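Asks: need a structure here:
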Amino acid sequence: MLVQINPIERRETPRTVHEIENRLTEITFNGTLLRELRAVEFVTQLIDQGKLSRKEYKRVNMHRIHGGRRLDEYTASSRLNADWAFFKELKDLGRAAARRWLRENYEAIGERSTLDLPQAYS
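Replies: Alright, predicted model coming up:
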């Protein structure tokens with residue numbers, strides 16, 4: 001299960017120094033995530049093509065719970081917010097997103113991926 005904390009894309013272009021620094025932090029953090037997800041997709045393709053043994057390699061089912069637009073509105077600097085009300089808000093957003101995801105995808109757990117890696121991260 002992948003819980004992504006930084007958006008891959010932002011709707012608005014950062015304009016101020018602070019906004020640009022925040023976006024750079026998000027992109028840097030996502031760089032490692034994307035590299036690892038591409039490696040998972042590459043190995044999955046090799047397994048599916050029969051180039052890697054299913055006895056030696058395991059196909060991984062990938063899932064992602066997305067927090068939605070509301071969570072995307074937070075900037076990288078929100079990580080510095082240690083206010084209890086903020087933590088409670090994040091918990092509530094996360095639980096709501098998890099409930100939505102489970103309603104829509106529960107039957108896929110252990111059976112198939114619900115995240116199309118090339119589509120989501122190319």
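Asks: which residues touch stretch 110-118?
Replies: Contacts with stretch 110-118, where a contact means Cβ atoms under 8 Å, 6 or more residues apart in numbering, come from 2, 37-38, 40-41, 44, 60-64, 105, 108. Quick note: C-beta positions are derived from backbone N, CA and C, even for glycine.
Asks: name the nearest residue to F86, sequence neighbours excluded.
Replies: Nearest residue to F86, sequence neighbours excluded (Cβ to Cβ, 6 or more residues apart in numbering): S78, at 7.6 Å.
Asks: what's the closest non-adjacent residue to the most centrally placed residue in the chain?
Replies: Per Cα atoms, centre = their mean, the C-alpha nearest to the average position across the chain is that of Q4, at 3.1 Å. Counting by Cβ to Cβ, 6+ apart, R64 is the residue found nearest to Q4 once chain neighbours are left out, at 6.1 Å.
Asks: in terms of pLDDT, where does the residue nearest to the centre of the chain sit?
Replies: For Q4, the model assigns a pLDDT of 70.
Asks: swap in S122?
Replies: Taking S122 on its own, its pLDDT is 67.
Asks: can you check G110 too?
Replies: pLDDT for G110: 93.
Asks: where's it, which helix or strand?
Replies: Under DSSP states H and E, no helix or strand contains G110.
Asks: following element in sequence after the lengthiest helix in the chain, please.
Replies: Using DSSP state H, we find that the single longest helix of the chain is helix 17-48. Going down the chain from helix 17-48, the next helix or strand is strand 64-65, by DSSP H and E.
Asks: name the helices or strands packed onto that following strand?
Replies: Contacts defined by 3 or more Cβ pairs under 8 Å, 6 or more residues apart in numbering; DSSP states H and E place strand 64-65 against strand 2-3, helix 84-105.
Asks: partners of that strand in the sheet?
Replies: Note on strand 64-65: by DSSP bridges, its sheet partners are strand 2-3 (parallel).
Asks: where does this structure dip in pLDDT?
Replies: The model of the chain has pLDDT under 70 over residues 1-3, 122.
Asks: in contact with the residue nearest to the centre of the chain, which residues are there?
Replies: Counting by Cβ under 8 Å, 6+ apart, Q4 makes contact with 33, 64, 66.
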